[in-house]
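J.: the sequence and its predicted three-dimensional model are supplied below.
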Amino acid sequence: MDTAFSSFFESTQSGSRWNSFKNFNQISPVVQSHLKQVYLSLCCALVASATGVYLHLLWNIGGILTTFAMIGCMAWMLSTPLFEERKRVALLMAAALFEGASIGPLIDLAIQIDPSILITAFVGTGLAFACFSAAAMVARRREYLYLGGLLSSGLSMLLWLHFASSIFGGSTALFKFELYFGLLVFVGYIVVDTQDIIEKAHFGDLDYVKHALTLFTDFVAVFVRILIIMVSHNAPRFLSFY
């Protein structure tokens, strides 16, 4: 995966970097229109998620119940027929709102430590998401799809490590490995999922609500890990005041 990412950045630094953007021509107008809907829905989902965070800060509603509600809304949306478009969009926004409420405690902690951490983490996530999505768009079709198997294996490894540490206890080193390795895995998913969405759209799968949910999940996963890393680096300074 690192080789694939490094090859992209090396190509952008060469004399033909501007020629790489001609690859946008391989995306048909129909697919381009679909991507606009996907990213517009993603932006609306992020706004809904921010609303969920705000509601948690007001009423402390985030927790296990909002997590189950988020999972329920996602499952309901995925099982809803495509022709019920408004209902599916509403369920996507509801899932995003509950997701925001669920990560509200972490964001509340970050605000208590240093509010600038939250802004830095969000901007960093946005830049990473934009760069890797653009990398997937300007690359040749299917170029990064082979990474899907490696990322799935990495995700399975993370799940088993988390399961083992919850039963047998974990160390700080294991926690940091899960954190940084998980960040690498989900950054990779941004590239793979973007190309997968483009490829599916070329073959007629224009379910922009489902595709927006996929990218929203990737965005939140990267944001949470970046925020935890920044909080863990600043927490000792915060705890020293008490």
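T.: Noted; the coordinates are in hand.
J.: could you pull out the helices in the chain for me?
T.: 2-13, 17-20, 29-59, 64-79, 85-102, 104-113, 115-138, 147-168, 172-202, 208-239 (DSSP state H).
J.: mean confidence for the fourth one?
T.: When you say that, I think you mean helix 64-79. When pLDDT is averaged over helix 64-79, the result is 97.
J.: show me what that helix packs onto, helices and strands only.
T.: Counting contacts by 3 or more Cβ pairs under 8 Å, 6 or more residues apart in numbering; DSSP states H and E, helix 64-79 is packed against helix 85-102, helix 208-239. Heads up, the C-betas are built off the backbone N, CA and C, glycines and all.
J.: contacts for it, please.
T.: 52, 56, 88, 91-92, 94-95, 98-99, 101-102, 209-210, 213 (Cβ atoms under 8 Å, 6 or more residues apart in numbering).
J.: reformat those residues as TSV; add distance to Ile111.
T.: Converted to TSV, the contacts of helix 64-79 look like this (distance: Cβ to Cβ, whole Å):
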residue	distance to Ile111
Gly52	15
His56	11
Arg88	33
Leu91	29
Leu92	26
Ala94	24
Ala95	24
Phe98	20
Glu99	18
Ala101	15
Ser102	16
Val209	31
Lys210	32
Leu213	27
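J.: now, the most widely separated pair of those?
T.: Pairwise distances across the contacts of helix 64-79 peak at 26.3 Å for His56 and Lys210 (criterion: Cβ to Cβ).
J.: these two - which one has more neighbours?
T.: For His56 versus Lys210, neighbours defined as other Cβ atoms under 10 Å are more numerous around His56 (22 against 19).
J.: need the contact list for the more buried one.
T.: 62, 66, 100-101, 104-105, 107-108.
J.: pull out the buried members of these.
T.: 62, 66, 100-101, 104, 107-108 (16 or more other Cβ atoms under 10 Å).
J.: which one of the residues you listed is nearest to Phe163?
T.: So of those, ranked by how close each gets to Phe163 (Cβ to Cβ), first place is Thr66, at 22.6 Å.
J.: the closest one and Val220, how far apart?
T.: Distance of Thr66 to Val220, computed by Cβ to Cβ, to the nearest Å: 13 Å.
J.: got it, and Thr120?
T.: Per Cβ to Cβ, Thr120 is found 17 Å from Val220.
J.: okay, those two: which has more neighbours?
T.: Val220 (20 against 15).
J.: below-threshold pLDDT in the chain: ranges please.
T.: Filtered on pLDDT under 70, the chain yields the residue ranges 1-25, 170, 235-242.
J.: let's see 50
T.: 1-18, 20-22, 238-242 (pLDDT under 50).
J.: residues touching Ala48, list them.
T.: By Cβ under 8 Å, 6+ apart, Ala48 lies in contact with 93-94, 96-97, 100.
J.: and with 10 Å instead?
T.: By Cβ atoms under 10 Å, 6 or more residues apart in numbering, Ala48 lies in contact with 92-100, 216.
J.: isn't Lys210 right next to Val38, touching?
T.: Yes - if you go by Cβ atoms under 10 Å, Lys210 and Val38 touch, sitting 9.3 Å apart.
J.: so what sits against both of those two?
T.: Joint contacts of Lys210 and Val38 (Cβ under 10 Å, 6+ apart) are Ile197.
J.: ok, Phe83 to Val209 distance?
T.: 12 Å.
J.: alright, that wraps it up for me.
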